[in-house]
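Asks: A structural model of the following input is requested.
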Amino acid sequence: LSFSFYVLVHWCLLHRCKCKWMKLIPVKSVCLFNASLFAVVCGFGGLYIMFNPTAEQLENPLHGTNLFQEYLCLIGVGYFIYDLFIVLFIDPTVIYLLHAILAGLFAYLGGVIPLASYSGAFVMSYEISTPFKNLRYFLIKWGYSKSALFRLSEIAFIASFFYLRLIV
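Replies: Presented below is the predicted three-dimensional model:
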């Protein structure tokens, strides 16, 4: 279901959106917009679960369940299938291909099995840095690389990336 949602948003932005800003950015940018949508929902949802685990997850982090976490991870499975197609057909990069495969695997383990449910939600919280990275990209494309919003997006990206992926 989430895969279909991302494909629909992708199609609508490419073929139905008549906004001036959409004409200034390449097709890859639609993919970045979808990545930001996913990251806001699943990233902050994963962060919420990370700081508010269920009693079952605290007792057994490997097999403890959390229905909200399972839904988030299933949304992640759909997104990373979409991302896999994007990497294969629009932006072929080996590093992003590995990212799509490994993140999809963690989402699958957290949502379908559910194995390592607490870890699956934690991995989803890694994506919080994505909207800041993508906002930076859009601001460069639109010619706002000297703006205060551009600097704030850089700082927020660096802070969220290092805190969630390296420190925690």
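
Asks: Same question for stretch 55-70: list its buried residues.
Replies: Residues of stretch 55-70 classed as buried under the neighbour-count rule (16 or more other CB atoms under 10 Å) are 57, 64, 66, 69-70. Just so you know, the C-beta spots here come from the backbone N, C-alpha and C atoms, and that holds for glycine as well.

Asks: Extract the C-alpha set from the helix or strand hosting Ser29 and format it as CSV.
Replies: Ser29 is part of helix 27-38, with elements assigned from DSSP states H and E. Taking Å, rounded to 0.1, in the frame of the first residue of the first chain, the C-alpha atoms of helix 27-38 are listed here in CSV:
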residue,chain,number,x,y,z
VAL,A,27,13.0,14.1,-12.2
LYS,A,28,15.4,13.0,-9.4
SER,A,29,13.9,15.7,-7.2
VAL,A,30,10.5,14.1,-7.2
CYS,A,31,12.2,11.1,-5.6
LEU,A,32,13.8,13.3,-3.0
PHE,A,33,10.4,14.8,-2.2
ASN,A,34,9.0,11.3,-1.6
ALA,A,35,12.0,10.4,0.5
SER,A,36,11.3,13.5,2.7
LEU,A,37,7.7,12.5,3.1
PHE,A,38,8.8,9.0,4.2
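
Asks: pLDDT of it, averaged?
Replies: In this model, helix 27-38 has a mean pLDDT of 78.

Asks: counting contacts, what elements does it pack onto?
Replies: helix 2-15, helix 67-89, helix 129-141 (3 or more CB pairs under 8 Å, 6 or more residues apart in numbering; DSSP states H and E).

Asks: quick check: angle from that helix to helix 129-141?
Replies: 150 degrees (axes from the mean of the first three to the mean of the last three CA atoms, to 10 degrees).

Asks: Please identify the buried residues of helix 27-38?
Replies: Across helix 27-38, burial judged by 16+ other CB under 10 Å covers 29-38.
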